[in-house]
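Q: With the sequence up front, the predicted model follows.
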Amino acid sequence: MLRPFMLSLLLALSPTVHGEARFVQTPYAPPRVVLDIYLDDPAKMASALYWLRGIVLPLSVAPYDYDPETIKVVLHGTELVTVAKKNEAKYKEVVERMRYYADKGVAFKVCMLAMEDYGYALKDLQDFVQAVPSAMTELIHWQNQGYALLIPQVMDKKFNIEDIR
């Protein structure tokens, strides 16, 4: 007969058989979130929109079926150039994705102070954009209304997924 210590040691050294990961259906409430987008490079806007996708996509289908009208996106960095009509061809994919989300109910808000810095007027911007007096006051406003603040972190991609998988 094995002593308790020896039995414990034997079990600890035995190969362990693990199952697979399991899916958990979290009972999410409708999203109330304001995304603060302030990028150092307008080319990063495509990556920043994946943060929005991560909210809209899972919550707009069953079992949630939420309308994304409680999602606000505030733009006030270099990404502002992506919503300028004159740059539409250059940022075509990004504009199409933003328009898609705007058509679903996501509000894209642009800081008028930043617009002035870039020399833009309302007529210069895409029609799905709403201009607000200040990004900072807009962010504070929505947080005071109970919206969560989400700040997309967009890193420079150094690795191909296939290479590190």
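A: Noted; the coordinates are in hand.
Q: from here on, contacts and neighbour counts on C-alpha atoms
A: Fine.
Q: Show me the shaky parts of this structure.
A: The model of the chain has pLDDT under 70 over residues 1-16.
Q: Just give me the residue closest to the centre of this protein.
A: Per CA atoms, centre = their mean, the C-alpha nearest to the average position across the chain is that of residue 51, at 1.9 Å.
Q: Report the buried residues of the biggest helix by length in the chain.
A: Taking DSSP state H as the criterion, the chain has its longest helix at helix 45-59. Within helix 45-59, the residues that count as buried by 16 or more other CA atoms under 10 Å are 45, 46, 47, 48, 49, 51, 52, 56, 59.
Q: now stretch 76-85
A: Along stretch 76-85, these residues count as buried under the neighbour rule (16+ other CA under 10 Å): 76, 77, 78, 79, 80, 81, 82, 83, 84.
Q: got the contact list for the host helix or strand of residue 96?
A: Per DSSP states H and E, residue 96 falls inside helix 92-104. Around helix 92-104, the neighbours that count as contacts under CA atoms under 8 Å, 6 or more residues apart in numbering are 45, 46, 49, 67, 68, 69, 82, 83, 88, 108, 128.
Q: Which two among these are spaced furthest apart?
A: The distance between the two most remote of the contacts of helix 92-104 (CA to CA) is 26.8 Å, for 67 and 88.
Q: tell me the angle of the longest helix of the chain relative to helix 92-104?
A: Counting by axes from the mean of the first three to the mean of the last three CA atoms, to 10 degrees, helix 45-59 points 30 degrees away from the direction of helix 92-104.
Q: Distance check, the nearest residue to residue 58 once chain neighbours are set aside against residue 95.
A: Nearest residue to residue 58 in three dimensions, chain neighbours excluded: residue 64, at 8.0 Å (CA to CA, 6 or more residues apart in numbering). Taking CA to CA, to the nearest Å as the measure, residue 64 falls 27 Å from residue 95.
Q: out of the two, which sits in the busier spot?
A: Set side by side, residue 64 and residue 95 show more neighbours around residue 95, with 22 against 13, by other CA atoms under 10 Å.
Q: can you confirm residue 130 is in a helix?
A: No. Counting by DSSP: H, G, I helix; E, B strand; the rest coil, residue 130 falls outside a helix, being strand.
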